[in-house]
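Asks: my questions concern the predicted model and sequence given below.
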Amino acid sequence: MKKLLASRVFLLALILLTSFASYLTFRYLYGVAGDFPFSQEIILVFIGAVATVLITALLLNQQTELELRKEGQVLLLDHKSATYTALIEHIGEIVETGRMEDTQLAELRVLNHRLAMIASADVIRHFREVLKRLDDAVADDRILQPEQARIMRAVAVLTYHMRRDLLGRIEGEDSETVLADIKANSEGLEDDEGAGRG
């Protein structure tokens, strides 16, 4: 960061020094060129060209910086989306098999560390609730149907916070209603699964 700041200060100082030297040079030439036809017009064209080049260079530099920042945000969003999707799918596999193997636990640990790097505070906090429910469920080496339902309800709340982290606040959307709908959808699917097994 210090190197970037030093580079900008140096560039700004160089532009100011060049501008000042150019001003003095053109002022002198403009005064001297008064006796020759069209010479003052040529000098003014030169001044215009130099000013245009400097302004264009400054604008391009700013635009490049903004584009790089925007590209970084897009890459971060893609990485978040991929991590969130992988986490949800992984928890789904654990719940579906009804037990957690050592390899699944290892992958869950890796996903936890990935979350720690990129996720919002809300996502990390609600993931802890999912982990607690998973931990309680696998204590007897078997995830029973009621435990599966509790885990998936916690995952439903987690997905709501992942959605908010990815999309931000959407204008005109009631957060409480969306969360209630996500929970209701999850509970509806759990009820359907229980009925199917019955």
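Replies: Sure thing, it's come through.

Asks: from here on, just use CA atoms for contacts and neighbour counts.
Replies: Noted.

Asks: tell me where this structure has helices.
Replies: 2-32, 39-97, 102-118, 121-137, 145-167, 175-197 (DSSP state H).

Asks: now mean neighbour count and mean pLDDT too, for those, in JSON lines please.
Replies: Shown next, in JSON lines, are these (neighbours: other C-alpha atoms under 10 Å; pLDDT from 0 to 100):
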{"stretch": "helix 2-32", "mean neighbour count": "12", "mean pLDDT": "75"}
{"stretch": "helix 39-97", "mean neighbour count": "14", "mean pLDDT": "84"}
{"stretch": "helix 102-118", "mean neighbour count": "14", "mean pLDDT": "90"}
{"stretch": "helix 121-137", "mean neighbour count": "18", "mean pLDDT": "91"}
{"stretch": "helix 145-167", "mean neighbour count": "20", "mean pLDDT": "89"}
{"stretch": "helix 175-197", "mean neighbour count": "13", "mean pLDDT": "67"}
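
Asks: ok, and the closest non-adjacent residue to residue 116?
Replies: residue 124 (6.9 Å; C-alpha to C-alpha, 6 or more residues apart in numbering).

Asks: got the contact list for residue 142?
Replies: 98, 99 (C-alpha atoms under 8 Å, 6 or more residues apart in numbering).

Asks: how about it, phi and psi?
Replies: phi -140, psi 130 (degrees, to the nearest 10).

Asks: quick check, pLDDT for it.
Replies: At residue 142, the model reports a pLDDT of 85.

Asks: and the gap between it and residue 129?
Replies: Distance from residue 142 to residue 129, counting by C-alpha to C-alpha, to the nearest Å: 19 Å.

Asks: do residue 100 as well
Replies: Between residue 100 and residue 129 the computed distance is 17 Å (C-alpha to C-alpha).

Asks: likewise for residue 181?
Replies: Note on residue 181: its distance to residue 129, by C-alpha to C-alpha, is 20 Å.

Asks: kindly report the same for residue 173.
Replies: For residue 173, the distance to residue 129 - C-alpha to C-alpha - is 25 Å.
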